[in-house]
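Participant: here is a sequence with its predicted model. Questions after.
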Amino acid sequence: KAGVTQTPRYLIKTRGQQVTLSCSPISGHRSVSWYQQTPGQGLQFLFEYFSETQRNKGNFPGRFSGRQFSNSRSEMNVSTLELGDSALYLCASSLGSSHEQFFGPGTRLTVL
Amino acid sequence: GEDVEQSLFLSVREGDSSVINCTYTDSSSTYLYWYKQEPGAGLQLLTYIFSNMDMKQDQRLTVLLNKKDKHLSLRIADTQTGDSAIYFCADAGMNSGYSTLTFGKGTMLLVSP
């Protein structure tokens, strides 16, 4: 069974731009969660989608948004990029009824 | 809010046991997890323990949970150089339906030959 895939793996953007990251969960998994990882703040929860609905949201500004499609694939969008948005963005999938979350390799975003 | 704390660094020799410690504050924690992250990679789920258990063993890994003190530990027996990585402790609160993980800052384990 294929694992969680994330595209692209690396991105370089400049301040003020926007970016869209994609996550394909493990087949059959209906829940997708997003996390931001930075050296200073560590791993922080962004949001979780289940059956195309945002089910939980972390403490991030409205510039961070996401969505989930009917095939459970998810995208997250960051608008008006700031230098501090440079991070590794990880997505994780789970069955939805299961507590076990499986992570993808992440997308490394660099904002210049 | 909820918090998870870990020591930042541990250095051991190959063949020794490693013990990584973690404390958490969320009383509603139902599951507690250990994840491993190698350089340039995502997080690998190593093991987890349900909050009504004291201990769980999985091959070279032993998880101990002291719920009264909110203390979790991961013991790796016969540590190998391939175990060098960052280890994260995480908890899932019941209120979020297990979907929101709160992570510690991670413990970097360095295994020397």
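Facilitator: All right, it came through fine. Residues are numbered from 1 along each chain as shown, chains lettered A, B, ... in the order given.

Participant: which stretches of the chain have low pLDDT?
Facilitator: Because you didn't say which chain, this covers chain A. Within chain A, the stretches with pLDDT under 70 are A:1, A:97-98.

Participant: the intended chain is chain B.
Facilitator: The model of chain B has pLDDT under 70 over residues B:1, B:94-98.

Participant: kindly report the residues of it close to chain A.
Facilitator: B:30-31, B:35, B:41-45, B:48, B:88, B:90, B:92, B:96-106 (C-beta under 8 Å from any C-beta of the partner chain). The C-beta positions use only the backbone N, C-alpha and C, and glycine is treated the same way.

Participant: and if we set it to 10 Å?
Facilitator: By the rule C-beta under 10 Å from any C-beta of the partner chain, the part of chain B lying against chain A is B:1, B:4, B:6, B:30-31, B:33, B:35, B:37, B:40-45, B:48, B:50, B:88, B:90, B:92, B:95-106.

Participant: among those residues, which ones are in strands?
Facilitator: If you go by DSSP state E, those have B:4, B:6, B:30-31, B:33, B:35, B:37, B:43-45, B:48, B:50, B:88, B:90, B:92, B:101-103 in strands.

Participant: which of these count as buried?
Facilitator: The neighbour-count criterion (16 or more other C-beta atoms under 10 Å in any protein chain shown) marks B:4, B:6, B:30-31, B:33, B:35, B:37, B:43, B:48, B:88, B:90, B:92, B:101-103 among those as buried.

Participant: separation between the closest residue to A:Phe69 other than its chain neighbours and chain B?
Facilitator: Nearest non-adjacent residue to A:Phe69, counting by C-beta to C-beta, 6 or more residues apart in numbering or on different chains: A:Glu52, 6.9 Å away. Noted for A:Glu52: a distance of 15 Å to chain B, by C-beta to the nearest C-beta, to the nearest Å.

Participant: ok, A:Asn77 next?
Facilitator: Going from A:Asn77 to chain B by C-beta to the nearest C-beta gives 20 Å.

Participant: burial count for that residue?
Facilitator: 13 (other C-beta atoms under 10 Å in any protein chain shown).

Participant: what about it, helix or strand, and which?
Facilitator: In the assignment (DSSP states H and E), A:Asn77 maps to strand A:74-78.

Participant: what are the contacting residues of that strand?
Facilitator: A:6, A:13, A:17-25, A:31-34, A:36, A:46-49, A:52, A:60-61, A:63-69, A:85, A:87, A:89, A:91, A:93, A:107, A:109, A:111 (C-beta atoms under 10 Å, 6 or more residues apart in numbering or on different chains).
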